[in-house]
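Enquirer: sequence unavailable; structure follows:
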């Protein structure tokens, strides 16, 4: 086991109820909307299509918004938007762009999110800086086993089998949201 330091240590004030409420306000989120996130550069290796499938299942059960908090290739972003639309995800319920996310906005998403979904097709021992960011912020997360096992994460990170069915990912994310 090799220790891995998080990229971002959150400002403790951002982790308070007031800090979370302020971050959600800056992102235009009401208290009744669950925010599901995936942090880091958007690429095919992070299985964004499977993530969208899971979100579509979750969105069918509750009011929520999904945000890919990171830049992506413009062509992939277009494909993902089309994939989301074909699954009934309204454009306003999906935050996804090709441009880099400014650091203050990234931090607002860390503070405001209800759960992070961090998936990746990777070899054993792979480390996810984005998952470490979520852990450092105390943000519940759902992660592929290959990522979770490399970090020995805390109890609030649910490990799903690599390549897990989107229904399983959605169920774990929903359970994290329900736990609050």
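Expert: It's in. All values reported here derive from a predicted model rather than from experimental measurement.
Enquirer: show me the shaky parts of the chain.
Expert: Residue ranges of the chain with pLDDT under 70: 1-5.
Enquirer: could you redo the last one with a cut-off of 90?
Expert: Where the chain drops to pLDDT under 90, the residues are 1-9, 121-129, 149-153, 180.
Enquirer: what about the strands in it?
Expert: Per DSSP state E, the chain carries strands over the ranges 34-39, 64-69, 94-95, 115-118, 141-144, 157-160.
Enquirer: quick one: the helices in this protein?
Expert: 17-26, 48-59, 74-86, 103-112, 129-136, 145-151, 166-179 (DSSP state H).
Enquirer: may I see those organised as JSON lines, with distance to residue 95 added?
Expert: To be clear about C-beta, it is placed using only N, CA and C from the backbone, and glycine gets the same treatment. As requested, those are exported to JSON lines (distance: least, C-beta to C-beta, whole Å):
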{"stretch": "helix 17-26", "distance to residue 95": "13"}
{"stretch": "helix 48-59", "distance to residue 95": "11"}
{"stretch": "helix 74-86", "distance to residue 95": "11"}
{"stretch": "helix 103-112", "distance to residue 95": "9"}
{"stretch": "helix 129-136", "distance to residue 95": "15"}
{"stretch": "helix 145-151", "distance to residue 95": "22"}
{"stretch": "helix 166-179", "distance to residue 95": "16"}
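Enquirer: what's the closest of these to residue 9?
Expert: helix 129-136 (5.9 Å; C-beta to C-beta).
Enquirer: which parts of stretch 42-60 are buried?
Expert: Buried residues in stretch 42-60, counted by 16 or more other C-beta atoms under 10 Å: 42, 46-59.
Enquirer: nice, that's everything, thank you.
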